[in-house]
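Asker: this one's structure only:
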């Protein structure tokens, strides 16, 4: 049977019974899947993407990964209200330009000249 790399990663973390650094996990996946060093260079990026998108896995920061099932909701939940805000923040970028952190607005617009 030909397992996906994420299925192999799942089994590895399950067997180890602990969170693992990405580099260690990738090395173990390569070993179990008989991936050569040359292939590993080409496959590491898609593997990272697959790991990120697979709901069975979570990142605990510092590129350390674990299974979602091993962690409480409180430990891994990200409150999106802490990330997104309804307020528009204006940041001075350059003379004559301002940046707005609101996707409904143009990213940069001419700064209005003050009439004195």
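Answerer: All right, it came through fine. Note that the coordinates shown come from a computational prediction; the quantities given were computed from them, not determined experimentally.
Asker: What about residue 53, how many residues nearby?
Answerer: 9 (other CB atoms under 10 Å). For glycine as for every other residue, the C-beta is placed from the backbone atoms N, C-alpha and C.
Asker: could we number from 59 for the rest of this?
Answerer: Renumbered: residue one is now 59, and that last one reads residue 111.
Asker: Next one: it relative to residue 93, how far apart?
Answerer: 20 Å (CB to CB, to the nearest Å).
Asker: So which residues of the protein form strands?
Answerer: Ranges of strands within the chain are 78-79, 115-117, 122-125, 148-152, 155-158, 166-168, based on DSSP state E.
Asker: mean pLDDT for those strands: which is lowest?
Answerer: Mean pLDDT is lowest for strand 166-168 out of the strands of the chain, coming in at a mean of 48.
Asker: Tell me the bridge partners for residue 78.
Answerer: Residue 78 has the following beta-bridge partners by DSSP bridges: residue 123.
Asker: Measure how buried it is and give me the count.
Answerer: Residues near residue 78, counting by other CB under 10 Å, number 19.
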